[in-house]
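1. Provide a 3D model corresponding to the input given below.
(4 chains)
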2 protein chains.
Amino acid sequence: MPFHPACHSYEPVTIADRLFLDLRRAILEGELPAGKKISEPELASVYGVSRGSLREAISKLENCNLVTRRPNIGARIVSFSTDQLMEIYQIREAMEGMAARLAAKNMTEAELAHLKSLVARHKDSMSHTERLNKTDYSQDADLDFHFCIIQGSKNQRLLTMLCQDLYDLVRFYRMRLSPAFSSTAMQEHELIVQALERGDGEMAELLMRYHVRASRDRAKQRLESMSPEELGNYH
Amino acid sequence: MPFHPACHSYEPVTIADRLFLDLRRAILEGELPAGKKISEPELASVYGVSRGSLREAISKLENCNLVTRRPNIGARIVSFSTDQLMEIYQIREAMEGMAARLAAKNMTEAELAHLKSLVARHKDSMSHTERLNKTDYSQDADLDFHFCIIQGSKNQRLLTMLCQDLYDLVRFYRMRLSPAFSSTAMQEHELIVQALERGDGEMAELLMRYHVRASRDRAKQRLESMSPEELGNYH
DNA sequence: AGAGAGGAGATTGTCGACAATTTTATTTCA
DNA sequence: TGAAATAAAATTGTCGACAATCTCCTCTCT
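-> Got it, this is the predicted structure:
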């Protein structure tokens, strides 16, 4: 069973594992600011563990691309960069497009039903804005949708690469931008589901690629409308 | 500067780095057999280093997907599996297709010239089969071609993900199959270069995807023609 | 005053020893 | 005889101490 911290269930058995999850959460939620240098002695004493265990946790964070490390110098939390975010969207376009194509062929009935219920629930929660506000909605709903399809592709390596190497970065950026809430995105989701129902892999890929491209454009627009102070917090 | 062991130059500064490169080579060349369990005390004494340094090196190997680790149980060299190889080709089709599309727009003149010289040299060496045999030719030529285009995409994250997370696995399998030598593949390379010269990203992506799919089919055919004993060596 | 050399302090890399867990071998009982 | 329980051995996880390297401050010289 591969190492899937991002994939909804992961029982930490060792100290380094628990530490990894704690630090990961701290980074994603902004508790540890972007670009900050990690002091091994300091963090180790804060969390009450040895430097060895901490170093192993940092190594895991490096795998998720949440920190970068340089020999004899140290580790830094990844820093916010518009260009890097755009790069990530390009990769998602390619990989998730392929995932959608494969999912159209390989998804089980149960998985498809679950995906449909997801989309229906999102649609429902959107019309009840008095109970669930936009932030609540898009906190994880969008990622759940994408995760479902990746899982449905039945390509284990694709799942691992996306969840392990890319999605934590996606979360990192998403936490630092306004939530990507848009009824347009939800309509795109519905179209994708319809293509998956028909088993039309070609169309599912095209629609997914369009969706990721459109999301990238929306993110870019949002970035450009943000004030320099807002952005400055993360540089 | 990101961590790019696979990308042609990487100066090991620390003991764990040197060890990582040694072990990586040993795995790729089959010195350490596929599927074998790694004994930390044994390997540490063989290489004359402490277990701590070895563990850090193993952690790096895990990033490259050359070993898998389970808590309290240990690390194993990745094992040979036809299904997994097919999965990798699907991912390469998506990612390298995107790389070709981007390279058509972003490649510099110098990079394009270098790519053309690469293809010309390959073509030349193919006609002099008395001096360079097939194994010599395809040892790294094909990977050089693909690496060039990925680099030309100017998407740093794409480069990292392919070189760090996928290409070592590609090498792992390539070493264990007959060399992927085919004049058809070389013709496909030429067509891709022509599309890149024209700056036709759409066509470059289509041709690259076709090329990767075709390479996958060729690999599959080769696998099915191999005797069970040959395959058995790597299970 | 500014640039460069030198040294004190702090940080990262490396190591061996101990603790916790797993694996293997042995014994015991139905 | 075979399966479950138990004990012994081996392996992995964790820790603190020491060595190597980097960083920053101070001092010197032009």
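2. Tell me the spacing between residue A:96 and residue B:221.
-> Using Cβ to Cβ, to the nearest Å, residue A:96 is found at 29 Å from residue B:221. Backbone N, C-alpha and C define where each C-beta goes, glycine included.
3. who has more neighbours, those two?
-> Shown here are residue A:96 and residue B:221; by other Cβ atoms under 10 Å in any protein chain shown, residue A:96 has more neighbours (25 against 10).
4. which residue packs closest to that one, ignoring adjacent ones?
-> Excluding its sequence neighbours, the residue lying closest to residue A:96 (Cβ to Cβ, 6 or more residues apart in numbering or on different chains) is residue A:208, at 5.4 Å.
5. can I see the domain layout of chain A?
-> A:15-77, A:82-232 (automatic domain parsing).
6. Which among those is found nearest to DNA strand C?
-> Across the domains of chain A, DNA strand C has its closest neighbour in domain A:15-77 (3.1 Å, Cβ to the nearest atom of the strand).
7. can you give me the mean pLDDT across that closest one?
-> Mean per-residue pLDDT for domain A:15-77: 97.
8. Check stretch A:165-173 too.
-> 95.
9. how about it as CSV, C-alpha atoms only?
-> Coordinates of the C-alpha atoms in stretch A:165-173 are reproduced here as CSV (Å, rounded to 0.1, in the frame of the first residue of the first chain):
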residue,chain,number,x,y,z
ASP,A,165,3.4,15.3,-5.4
LEU,A,166,0.9,17.9,-6.5
TYR,A,167,-2.3,18.2,-4.5
ASP,A,168,-0.6,19.4,-1.3
LEU,A,169,0.8,22.2,-3.3
VAL,A,170,-2.7,22.8,-4.7
ARG,A,171,-4.0,23.0,-1.2
PHE,A,172,-1.1,25.3,-0.2
TYR,A,173,-2.1,27.9,-2.9
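10. Pull the distance from it to the chain's centre.
-> Remark: stretch A:165-173 is offset 4 Å from the chain centroid, using Cα atoms, centre = their mean, to the nearest Å.
11. Is chain B within reach of that stretch?
-> Yes - counting by Cβ under 8 Å from any Cβ of the partner chain, contacts between stretch A:165-173 and chain B involve A:165, A:166.
12. DNA strand D contacts on chain A?
-> Within chain A, the positions lying close to DNA strand D (Cβ under 7 Å from any atom of the strand) are A:14, A:15, A:16, A:49, A:50, A:51, A:52, A:53, A:56, A:72, A:73.
13. can we see that at 10 Å?
-> By the rule Cβ under 10 Å from any atom of the strand, the part of chain A lying against DNA strand D is A:12-19, A:37, A:40-41, A:44-45, A:47-57, A:70-74.
14. ok, back up a step: is it true that the residue nearest to residue A:96 lies in a helix?
-> Yes - Residue A:208 sits within a helix when classified using DSSP: H, G, I helix; E, B strand; the rest coil.
15. for it, what are its contacts?
-> A:96, A:97, A:99, A:100, A:149, A:192 (Cβ atoms under 8 Å, 6 or more residues apart in numbering or on different chains).
16. repeat for residue A:90
-> Neighbouring residues of residue A:90 by Cβ under 8 Å, 6+ apart: A:216, B:98, B:102, B:155, B:158.
17. Return the members of the residues you listed classed as buried.
-> A:216, B:98, B:102, B:155, B:158 (16 or more other Cβ atoms under 10 Å in any protein chain shown).
18. want to throw the domains of chain A into TSV with distance to residue B:145?
-> Converted to TSV, the domains of chain A look like this (distance: least, Cβ to Cβ, whole Å):
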stretch	distance to residue B:145
domain A:15-77	27
domain A:82-232	19
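19. need the residues of chain A near DNA strand C, please.
-> Neighbours of DNA strand C within chain A, by Cβ under 10 Å from any atom of the strand: A:13-15, A:37-44, A:50-52, A:54-55, A:58-59, A:69-76.
20. how close does the residue positioned nearest the centre of chain A get to DNA strand D?
-> Among the residues of chain A, the one closest to the centroid is residue A:167, at 3.1 Å (Cα atoms, centre = their mean). Between residue A:167 and DNA strand D the computed distance is 24 Å (Cβ to the nearest atom of the strand, to the nearest Å).
21. where's that residue relative to residue B:168, distance?
-> 22 Å.
22. now do residue A:87
-> Distance from residue A:87 to residue B:168, by Cβ to Cβ: 21 Å.
23. cool, and residue A:73?
-> 25 Å.
24. neighbour-wise, which of these two wins?
-> residue B:168 (20 against 8).
25. Which of the residues of chain A next to DNA strand D fall in strands?
-> The strands, defined by DSSP state E, take in A:37, A:70, A:74 from those.
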